[in-house]
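1. with the input below, show me the fold.
(one chain, ligands or ions: 1)
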Amino acid sequence: FVDEIESGAPRPRRALTAQQARRHGGAFAGQLAVVTGAGSGIGRAVSFELAERGTRVIAVDIDEDAASRTAYLCGHLTPGSDFRKVDVGDAEAMEKLAAWVRSEHGVPDLVVNNAGIGVAGPFLETSERDWDRVVRVNLWGVVNGCRAFAPLLVDAGGGGRIVNTASAAAFIPSRVFGPYATTKAAVLMLSRTLRGELAGRGVSVTAVCPGLINTGIIDNAHLSGMGKETAAKKRLNRLYRLRGYTPEKAATRIVNAIENDPEIVPVTAEAHLGLALSRFAPKA
Ligand code: NAD
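-> Predicted coordinates:
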């Protein structure tokens, strides 16, 4: 297990640099965060960034090994981190998660509803099953997270934050990312609506909108009607590598930004994301 961690994931930094020590005294020091999709990509990098700033992280993922690896590494940065295997699309499991977090660790200060999957393809090529899959994780996953944790944050008397991961795709019509982008536009509006509703009750809600971030999302994606799956993934991964941010860079931007409680955090490297994506549209 340790060998696996040492070979695959970023190594924990055991001694703090002077800069990190200063950050430890910042807004996230001594806080408790729940991060979904914490086993990989942006969620993992956000977990490390938070732990580096003195936050205990509860790493949640459907992939139990990945969640435990993240929690293990976070624990080296800030002791007291933990993990849970949960499918965010399962409302009951998310309610149980919230109850477990409260009883074992206390009410979280920050809930990052980040778990998401890529299901893409031109509309006429996508099936009901494609839509079910992506809506269940990307939209219901965030709804379930907000429904399970918002009451805890409100009851705690305010001061909590909810951060939902939408996407730059929420703003950009694309013949490729339709189902995915539709769920992300919904997450964006859910976040904006909830922000208004909870503002008077001391809980802030922020939507994060990353552009291309070089993570495992394409490898794990389900692509319909985009030609041979491996070739399509290879082309998309190349685009992400060339144009995207690393998850670490995205995480630093996200955590820096949410400290100021904005409504929306854009995290994009590319000025012409729509144009870049349109290169992958199937020929008309
Ligand atoms: P990723 O595939 O690297 O990580 C996603 C994680 O979510 C994985 O660890 C996976 O196991 C987990 N997960 C998937 N389904 C789950 C479920 N049902 N329950 C619990 N966990 C589940 O992808 P990523 O790029 O880090 O994506 C994180 C978020 O950022 C997603 O919401 C994604 O839509 C969003 N996003 C990513 C990009 C990008 O370019 N990578 C751009 C915009 C938005």
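2. mind checking which helix or strand the residue of the stretch 101-250 of the chain found nearest the ligand is in?
-> Closest to the ligand within the stretch 101-250 of the chain is residue 116: 2.2 Å, counting by Cβ to the nearest ligand atom. (Glycine included, C-beta is placed from N, CA and C.) Under the criterion DSSP states H and E, no helix or strand holds residue 116.
3. now do the same for it: its pLDDT.
-> For residue 116, the model assigns a pLDDT of 98.
4. next, the buried residues of the lengthiest helix in the chain.
-> Taking DSSP state H as the criterion, the chain has its longest helix at helix 178-199. Within helix 178-199, the residues that count as buried by 16 or more other Cβ atoms under 10 Å are 178-188, 190-192, 194-195, 198.
5. what segments of the stretch 101-250 of the chain are strands?
-> All strands of the stretch 101-250 of the chain, identified by DSSP state E, counting those that start in this stretch, fall at 110-113, 119-120, 161-165, 204-210, 222-223.
6. got the contact list for the closest residue to residue 206 other than its chain neighbours?
-> Nearest non-adjacent residue to residue 206, counting by Cβ to Cβ, 6 or more residues apart in numbering: residue 163, 4.9 Å away. Applying Cβ atoms under 8 Å, 6 or more residues apart in numbering to residue 163 gives the contacts 110-114, 205-208, 254, 258.
7. from residue 81, how far out is residue 163?
-> In this view, residue 163 and residue 81 are 18 Å apart by Cβ to Cβ, to the nearest Å.
8. can you pull the residues of this protein lying near the ligand?
-> The chain comes close to the ligand at residues 36-37, 39-43, 61-63, 66, 87-89, 114-117, 137, 141, 165, 167, 210, 212-213, 215-217, 220, as judged by Cβ under 6 Å from any ligand atom.
9. derive a ChimeraX selection command for the buried subset of those residues.
-> Only the buried entries of the residues of the chain next to the ligand go into this ChimeraX selection, using 16+ other Cβ under 10 Å:
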select :36,37,39,40,41,42,43,61,62,66,87,88,89,114,115,116,117,137,141,165,167,210,212,213,215,217
